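> can you look at this prediction? I've put the sequence above it.
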Amino acid sequence: QVQLVESGGGLVQAGGSLILSCAASGRTFSTYTMGWFRQAPGKERQFVAAISWSSDNTYYADSVKGRFTISRDNAKNTVYLQMNSLKPEDTAVYYCAAGPVRRYLPRYSYEYDYWGQGTQVTVSS
């Protein structure tokens, strides 16, 4: 069982930056693939980024590639999402998720087993 708690969301102007954190409980954090998703009002949950248990592999949605960076610190049981050059279309509730290790980095929500409660990111124009 893994419990996830996101933090770091807020209101930022377009072009600004935010760092989201996701703290995980449990001693097996390092064995999970971690991902970030987001959901805007009236839209489906959307994949943002994923990172392997060892941090040697990352994967990004095309919409955030080059602007967002996912990272993790297994010693701190925490995964991060550095978001730069934010755009109004990045406005959403951001969720972190934990899933089993696979041979690829999963990008569909059903591939993840545990979810945080979400943190709101609002980008003003």
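On my side now, so go ahead. Residues are numbered from 1 along each chain as shown.
> C-alpha from now on. contacts and neighbour counts both.
OK.
> leaving out sequence neighbours, find the closest residue to residue 17.
Spatial nearest neighbour of residue 17, chain neighbours left out: residue 84 (4.4 Å); criterion: Cα to Cα, 6 or more residues apart in numbering.
> dump the residue contacts of that neighbour.
Residue 84 makes contact with 15-18, 67-68, according to Cα atoms under 8 Å, 6 or more residues apart in numbering.
> quick check, pLDDT for it.
Confidence at residue 84, expressed as pLDDT, is 98.
> for it, grab phi and psi.
Here the main-chain torsion angles of residue 84 (degrees, to the nearest 10) amount to phi -120, psi 160.
> and for residue 104, the neighbour number?
The local packing of residue 104 (other Cα atoms under 10 Å) involves 12 other residues.
> for residue 16, same thing?
Residue 16 sits with 14 neighbouring residues when counted by other Cα under 10 Å.
> with residue 41 instead?
Using other Cα under 10 Å as the criterion, residue 41 is surrounded by 9 other residues.
> now do residue 67
Residue 67 sits with 14 neighbouring residues when counted by other Cα under 10 Å.
> likewise for the one 10 residues further on?
When counting by other Cα under 10 Å, one arrives at 17 neighbours for residue 77.
> just checking, it touches residue 31?
No. Between residue 77 and residue 31 there is no contact, the gap being 10.6 Å when judged by Cα atoms under 8 Å.
> could I get the contacts of residue 84 as CSV with distance to residue 44, pLDDT and secondary structure?
Output for the contacts of residue 84, formatted as CSV (distance: Cα to Cα, whole Å; pLDDT from 0 to 100; DSSP: H, G, I helix; E, B strand; the rest coil):
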residue, distance to residue 44, pLDDT, secondary structure
15, 25, 98, coil
16, 25, 98, coil
17, 24, 98, coil
18, 22, 98, strand
67, 22, 98, coil
68, 20, 98, strand
